[in-house]
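In: Just to be clear, the model below is a prediction. Sequence and coordinates:
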Amino acid sequence: AQKVTQTQTSISVVEKTTVTMDCVYETRDSSYFLFWYKQTASGEIVFLIRQDSYKKENATVGHYSLNFQKPKSSIGLIITATQIEDSAVYFCAMREGRNNYAQGLTFGLGTRVSVFP
Amino acid sequence: DPKIIQKPKYLVAVTGSEKILICEQYLGHNAMYWYRQSAKKPLEFMFSYSYQKLMDNQTASSRFQPQSSKKNHLDLQITALKPDDSATYFCASSQDPPEQYFGPGTRLTVL
């Protein structure tokens, strides 16, 4: 069975600095997708970035980037030049199988990030 | 304009009653999902549908029944409501690439 673990409950950072949060996953599948989402204070869940297991390059979108360490089953999220609006709960999620269409995601418990001026 | 609509935003029900949560997506996606988020628990996947067919069911209770009248609709009927059913229910959709996009949620409170 797949499992996603986020051990950091909360992180506080100063605006304009970099924040890194960890996520480890368990899967028996050789092919899978990893995602990061954020949930804002209003409850909205927003997709941020995806890593495909078969790709060696770390994904980057805007000021979000990933640190994919496949041998360690680890997918860290890095947010550079943080802004107050980046304050949210960040969730790591996984979906097994490249061809498993319409399969649900398995989520971690989330990491609350607070960005202060 | 919102791409995924969930109705209602808030819902209060009494124990033992039945409610229907509505979801419509206008992203042109073929797959739709329901998730539940309750306090101190991760987002839990419940169901997935594609072209109005059930693809995956991770909900043990038959009290939860998805209903799809159109490709872009996936409602969730909950019967014999219990206080433990209190949670925020999120609808999501996806196509290819596989990332799922979430609706604003329906917050259900069962008294």
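Out: Perfect, thanks for sending it. Numbering: from 1, shown residues only, chains lettered A, B, ... in the order given.
In: Close to chain B: what parts of chain A are there?
Out: A:4, A:33, A:35, A:37, A:43-47, A:50, A:91, A:93, A:95, A:101-110 (CB under 8 Å from any CB of the partner chain). Placement of C-beta: from N, CA and C, glycine included.
In: I'd like the list of those residues that fall within strands, please.
Out: Residues of the residues of chain A next to chain B located in strands (DSSP state E): A:4, A:33, A:35, A:37, A:45-47, A:50, A:91, A:93, A:95, A:106-107.
In: mind putting the residues you listed in a markdown table, pLDDT, neighbour count and distance to B:Val110 included?
Out: Output for these, formatted as a markdown table (pLDDT from 0 to 100; neighbours: other CB atoms under 10 Å in any protein chain shown; distance: CB to CB, whole Å):
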| residue | pLDDT | neighbour count | distance to B:Val110 |
| --- | --- | --- | --- |
| A:Val4 | 97 | 23 | 28 |
| A:Phe33 | 95 | 21 | 34 |
| A:Phe35 | 98 | 24 | 30 |
| A:Tyr37 | 98 | 23 | 26 |
| A:Ile45 | 97 | 24 | 22 |
| A:Val46 | 97 | 12 | 28 |
| A:Phe47 | 97 | 17 | 30 |
| A:Arg50 | 97 | 18 | 35 |
| A:Phe91 | 98 | 25 | 25 |
| A:Ala93 | 97 | 25 | 27 |
| A:Arg95 | 94 | 23 | 30 |
| A:Thr106 | 95 | 23 | 26 |
| A:Phe107 | 97 | 22 | 23 |
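In: and stretch B:34-50, is it in reach of chain A?
Out: Yes: residues of stretch B:34-50 contacting chain A under CB under 8 Å from any CB: B:35, B:41-50.
In: er, stretch B:88-101 actually
Out: Yes: Stretch B:88-101 is in contact with chain A by CB under 8 Å from any CB, via B:88, B:90, B:94, B:97-101.
In: mind listing what's buried in that stretch?
Out: B:88-94, B:98-101 (16 or more other CB atoms under 10 Å in any protein chain shown).
In: Show me which residues of chain B sit near chain A.
Out: Counting by CB under 8 Å from any CB, chain B sits next to chain A at B:30-31, B:33, B:35, B:41-50, B:55-56, B:58, B:88, B:90, B:94, B:97-102, B:104-105, B:107.
In: Show me how to select, in PyMOL, the buried members of those.
Out: The PyMOL selection below is limited to those of the residues of chain B next to chain A classed as buried (16+ other CB under 10 Å):
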select buried, chain B and resi 30+31+33+35+42+43+44+45+46+47+48+49+50+55+56+88+90+94+98+99+100+101+102+104+105+107
